[in-house]
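Colleague: show me how the following folds:
(one chain, ligands or ions: 2)
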Amino acid sequence: MAETGNGVGAVVDEADVVVIGMGPGGEDVAARLARAGLSVVAVESRLVGGECPYFACVPTKMMVRATDALGEARRVPDLAGRAEVRPDWTPVADRIRDEATTGWEDEIAAQRFERTGGRLVRGVGRISAPGEVTVDGQVFRARRGIVLNPGTEPAVPPIDGLAGSPYWTNRDAVPTREVPGSLLVLGGGPVGLEFAQVFARFGSSVAVVEAQSRLLPAAEPEASEVITAALLAEGVQVRTGNGVEHVKHDDRFEVRLAGGDLLTAERLLVATGRRTDLRALGVGAVGLDERARTIPVDERMRAADGVWAIGDVTGRGAFTHTSMYQARIAAADILGQDGEPADYRAMPAVTFTDPEVASVGLTEAQARDAGIEVRTGSTRIQDSTRGWIHKAGNAGIIKLVADAGRGVLVGATVVAPAGGEIIGALAVAVHAEVPIPRLRGMIFAYPTFHRAIESALADLDA
Ligand SMILES: Cc1cc2nc3c(=O)[nH]c(=O)nc-3n(C[C@H](O)[C@H](O)[C@H](O)COP(=O)(O)OP(=O)(O)OC[C@H]3O[C@@H](n4cnc5c(N)ncnc54)[C@H](O)[C@@H]3O)c2cc1C
Ligand SMILES: NC(=O)c1ccc[n+]([C@@H]2O[C@H](COP(=O)([O-])OP(=O)(O)OC[C@H]3O[C@@H](n4cnc5c(N)ncnc54)[C@H](O)[C@@H]3O)[C@@H](O)[C@H]2O)c1
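Modeller: Numbers count the residues shown, from 1 in each chain. Ligands and ions are numbered 1, 2, ... in the order given. This is a model prediction of the structure:
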């Protein structure tokens, strides 16, 4: 304890490091530092663990697991006779409540952190001066530094009539005990598409409205095509290139699209991206721009003198694996340890639809924008031996993006059953810059889905 320069003679707590936000990265960095013997104060305003275990990755992937089972059961008539499928949401909702989130209660995670020797402080943290964090009036001085892991909130677009209506975000859709009879999903990004397919397979009549000209606009156009066709085939309505002009809610939602079309649904899920609030975090006190959307960091996650930032807020890929990767680097830097600097060339991403849409590194458009001498190669999963054997549910592609000058892959996309697993091989190729002739010399097991990589490699010269 010491006197503060902030409050008038108020008593302050001291720690080596104060972590604001206990998302996946915050939890990891705080635990690493505490285990290394530093005194760590971790500040969390909601749930220790962040969005991922309670409202995002884990529960939605439990939904997807159940949905995949339904999808496969519906393929039985094409392959194996008859199956009667009667979806029931209760086991999914129960599993999410009991196994994923323990009733949206974080005691286990909190204790796991406290066992490392760290101190958990509940409340909203704010940088009140360089090296100082205030939590609901309590002041903490950080001797060595402050780590910011505040994550993101759902972004809700300023559409006439939307505010004040009982719309859902992921935080409402995850805990739901009921599948809505009809659902309008605003936003055709990863969040929108995962929920759209889940609820559609459980019997909801689903429409996806995407403002851009195609679903998953950040992905390769070929990937958008496959996933759009897959969703349409399951009865999901897809409306692309459409802004929403007006939302009305009485008993049901009524949504008027920019073109004048009117869509109605029992529920409206807003999945139009995420937002940050750097002003609330007080980053101006350490010289950072409070109006910015993200906090720029260097390759050691340093954002300012004595301040590190990790996770979604850094804008380097809003994924749990990014947050945890950055946590490891920040912890090493704070502890003065050597280690590799951050390298995002082989950043993987998976959207867990059926088929899964997986990618690593650059898309063709990104590679061209970067001035790379681009060559691409692609193949269709259904044209591979395994795809042909698989039959029902075999639609997909592999697309490779090569730097012809250096003779290495700089990006790849796989849309396929288990696409998120197949991408692993290509992530190694991009990460380790394996020369393309070396990749071509590999033996690919027969008949696997990943063997289709060989055909895509052959297509690079075509
Ligand atoms: C529906 C959905 C599905 C997703 N699925 C996947 C997936 O399958 N795979 C994947 O890799 N990623 C997925 N993501 C993204 C993933 O959830 C995030 O990238 C991940 O949670 C990492 O975020 P983070 O570490 O930046 O912080 P978050 O998880 O957002 O946690 C930040 C924490 O900081 C706290 N906080 C914020 N401000 C303060 C403050 N001032 N004081 C105290 N505490 C504060 C918050 O309460 C929160 O607990 C998904 C996201 C969504 C929305
Ligand atoms: N499996 C995963 O790893 C996974 C799953 C879900 C989310 N995430 C991450 O979480 C983050 C948030 O995902 P997200 O899908 O919410 O955001 P996103 O930004 O990826 O997609 C939002 C989509 O909504 C569209 N949009 C924006 N405003 C709109 C409007 N007014 N009307 C119609 N469409 C509109 C955008 O064009 C965009 O396609 C992403 O960065 C994503 O990578 C990851």
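Colleague: nearest residue to the one residue in the stretch 351-462 of the chain that gets nearest to ligand 1 other than its sequence neighbours?
Modeller: Nearest to ligand 1 in the stretch 351-462 of the chain, going by CB to the nearest ligand atom, is Phe352, at a distance of 6.0 Å. C-beta: built from backbone N, CA, C; applies to glycine. In space, and not counting its chain neighbours, Phe352 is closest to Val64: 4.7 Å by CB to CB, 6 or more residues apart in numbering.
Colleague: contact partners for the residue of the stretch 351-462 of the chain closest to ligand 1?
Modeller: Thr60, Lys61, Val64, Glu194, Gly420 (CB atoms under 8 Å, 6 or more residues apart in numbering).
Colleague: inside helices: which ones of these?
Modeller: The members of the contacts of Phe352 that map onto helices under DSSP state H are Thr60, Lys61, Val64, Glu194, Gly420.
Colleague: which among those count as buried?
Modeller: Thr60, Val64, Glu194, Gly420 (16 or more other CB atoms under 10 Å).
Colleague: in terms of contact, does Ala196 touch Val236 like I think?
Modeller: Yes. Using CB atoms under 8 Å, Ala196 is in contact with Val236, at 5.6 Å.
Colleague: give me the more crowded residue out of those two.
Modeller: Ala196 (28 against 23; other CB atoms under 10 Å).
Colleague: that one should be in a helix, yeah?
Modeller: Yes. The assignment for Ala196 (DSSP: H, G, I helix; E, B strand; the rest coil) places it in a helix.
Colleague: please tell me how far it sits from ligand 2.
Modeller: Distance from Ala196 to ligand 2, counting by CB to the nearest ligand atom, to the nearest Å: 11 Å.
Colleague: next up, the contacts around that residue.
Modeller: So Ala196 contacts Leu183, Val185, Val206, Val208, Leu231, Val236 (CB under 8 Å, 6+ apart).
Colleague: 7 Å instead?
Modeller: Ala196 makes contact with Val185, Val206, Val208, Leu231, Val236 under the criterion CB atoms under 7 Å, 6 or more residues apart in numbering.
Colleague: please indicate which of these are buried?
Modeller: Here, 16+ other CB under 10 Å leaves Val185, Val206, Val208, Leu231, Val236 buried among the contacts of Ala196.
Colleague: can you redo the residues you listed as TSV with secondary structure?
Modeller: Formatted as TSV, those follow (three-state DSSP):
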residue	secondary structure
Val185	strand
Val206	strand
Val208	strand
Leu231	helix
Val236	coil
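Colleague: re earlier: ok, and which of the buried ones among the ones in helices among the contacts of Phe352 reach ligand 2?
Modeller: Residues shared between these and the neighbourhood of ligand 2 are Glu194 [CB under 6 Å from any ligand atom].
Colleague: Glu99 versus the nearest residue to Thr385 once chain neighbours are set aside, what's the distance?
Modeller: Of all residues not flanking Thr385 in the chain, Pro447 sits nearest, at 4.0 Å (CB to CB, 6+ apart). To Glu99, Pro447 is 35 Å away according to CB to CB, to the nearest Å.
Colleague: what about those two, which has more around it?
Modeller: Pro447 (14 against 11).
Colleague: could you look up the SS state of the more buried one?
Modeller: coil.
Colleague: check the stretch 101-250 of the chain for the residue nearest ligand 2 and tell me.
Modeller: Gly189 (2.1 Å).
Colleague: check contacts around that residue.
Modeller: So Gly189 contacts Leu216, Ala271, Gly273 (CB under 7 Å, 6+ apart).
Colleague: same thing but at 10 Å, please
Modeller: 208, 210, 212, 215-219, 271-274, 351 (CB atoms under 10 Å, 6 or more residues apart in numbering).
Colleague: with Ala309 instead?
Modeller: 20-21, 25, 146-150, 278, 281, 283, 288, 294-297, 301-303, 315, 326, 330.
Colleague: phi, psi of it?
Modeller: Ala309 adopts backbone torsions of phi -130, psi 140, taken as degrees, to the nearest 10.
Colleague: what is the burial count for the nearest residue to Pro130 once chain neighbours are set aside?
Modeller: Nearest non-adjacent residue to Pro130, counting by CB to CB, 6+ apart: Val286, 5.5 Å away. As a burial measure, Val286 scores 18 neighbours (other CB under 10 Å).
Colleague: and what of Asp383?
Modeller: Neighbour number of Asp383 under other CB under 10 Å is 13.
Colleague: distance of the residue nearest to it when sequence neighbours are not counted from Asp461?
Modeller: Leaving aside its sequence neighbours, Asp383 sits nearest to Ser455 (CB to CB, 6+ apart; 7.4 Å). Ser455 sits 12 Å away from Asp461, taking CB to CB as the criterion.
Colleague: between these two, point out the one with more neighbours.
Modeller: For Ser455 and Asp461, the more surrounded residue by other CB under 10 Å is Ser455, and the numbers stand at 17 against 11.
Colleague: element containing that one, please.
Modeller: Counting by DSSP states H and E, the element that carries Ser455 is helix 452-459.
Colleague: sorry, back to before: and the pLDDT at the residue of the stretch 351-462 of the chain closest to ligand 1?
Modeller: We have a pLDDT of 98 for Phe352.
Colleague: one more: the one 4 residues further on?
Modeller: Glu356 is assigned a pLDDT of 98 by the prediction.
Colleague: picking that back up, just the buried ones from the contacts of Gly189, in ChimeraX syntax?
Modeller: In ChimeraX, this line selects whichever of these come out buried by 16+ other CB under 10 Å:
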select :208,210,212,215,216,219,271,272,274,351
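Colleague: export the contacts of Gly189 to JSON lines and tack on distance to Leu70 and secondary structure?
Modeller: Listed next are these as JSON lines, based on distance: CB to CB, whole Å; DSSP: H, G, I helix; E, B strand; the rest coil:
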{"residue": "Val208", "distance to Leu70": "19", "secondary structure": "strand"}
{"residue": "Glu210", "distance to Leu70": "24", "secondary structure": "strand"}
{"residue": "Gln212", "distance to Leu70": "29", "secondary structure": "coil"}
{"residue": "Leu215", "distance to Leu70": "21", "secondary structure": "coil"}
{"residue": "Leu216", "distance to Leu70": "22", "secondary structure": "coil"}
{"residue": "Pro217", "distance to Leu70": "28", "secondary structure": "coil"}
{"residue": "Ala218", "distance to Leu70": "28", "secondary structure": "coil"}
{"residue": "Ala219", "distance to Leu70": "24", "secondary structure": "coil"}
{"residue": "Ala271", "distance to Leu70": "21", "secondary structure": "coil"}
{"residue": "Thr272", "distance to Leu70": "27", "secondary structure": "coil"}
{"residue": "Gly273", "distance to Leu70": "28", "secondary structure": "coil"}
{"residue": "Arg274", "distance to Leu70": "29", "secondary structure": "strand"}
{"residue": "Thr351", "distance to Leu70": "18", "secondary structure": "strand"}
